Structures are given as structure tokens and as C-alpha cells.
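Asker: build the 3D model from these lines:
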Amino acid sequence: MKHTAIAGMFITAALLASPVFAADKDLCESNIKLIQQALDSDPAVSENAVDNVKASLDKAKAAQAAGDHKECIGITQGVLTKIQTRSPDKG
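Answerer: Residues are numbered from 1 along each chain as shown. As a prediction, this is how the structure comes out:
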């Protein structure tokens, strides 16, 4: 059930990823929060995968701090896609 909720969250984020629905700044921040929630909620992920996500999250936060919201969105969308691919709904 937990994986269903997480999968739904990422699918929703992907559907709302269009700049038509949110400003780049807001989308960047929202994606960062989703990734952080995924890190906090799924302890069954390998350390290597967690390290990769954390490294990408740091890059996204650096891009956000630099005001490069398009770069932040690119990084975070890629991470969210990888998380969804690696954590498919297990029922």
C-alpha cells in the first residue's frame, strides 16, 4: 500500500510538471520536497541508490540557490523518473 501511495505521488508530480500549471521556481521547490519525502519514506532502497539520489538532490538545490530553476527542474524530474522506475507499485 505504501508503494502505491508513493507511486501515485510521483505520477501526480509528473502530470503537474508542465510550466503551464506552475512557475519554474515553484516546480523546482515542489520536486525537491517530493524527492526528500521519498528518501525519508523508503528505507528499503540500497545505500548506493540513496547516495545517488542525495547527490542529485544536492545539485538541484545548488541550481535552485543559483536561480537556475530550469536546471533544477531538469535534475529533479530525472530523479523522480528514476525513483518511479526503480520503485514500481508492488501492490
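Asker: any idea how far Gln36 is from the closest residue to His69 other than its chain neighbours?
Answerer: Residue nearest to His69 in three dimensions, not counting chain neighbours: Asp24, with 3.8 Å by CB to CB, 6 or more residues apart in numbering. Just so you know, the C-beta spots here come from the backbone N, C-alpha and C atoms, and that holds for glycine as well. For Asp24, the distance to Gln36 equals 19 Å [CB to CB, to the nearest Å].
Asker: ditto for Ala65
Answerer: Noted for Ala65: a distance of 15 Å to Gln36, by CB to CB.
Asker: so which of these two has more stuff around it?
Answerer: Per other CB atoms under 10 Å, whichever of Ala65 and Gln36 has more neighbours is Gln36, with 14 against 9.
Asker: who's in contact with that one?
Answerer: Applying CB atoms under 8 Å, 6 or more residues apart in numbering, we find Gln36 in contact with Leu57.
Asker: which SS class is it?
Answerer: Of the three states, Gln36 takes helix under DSSP: H, G, I helix; E, B strand; the rest coil.
Asker: residue ranges with poor pLDDT in the protein?
Answerer: Under the criterion pLDDT under 70, the flagged ranges of the chain are 1-22, 43-44, 87-91.
Asker: please enumerate the helices of it.
Answerer: For the chain, the helices defined by DSSP state H cover 2-15, 24-41, 47-65, 69-86.
Asker: now do the second one against helix 47-65, angle only.
Answerer: Helix 24-41 and helix 47-65 are oriented at 160 degrees to each other (axes from the mean of the first three to the mean of the last three CA atoms, to 10 degrees).
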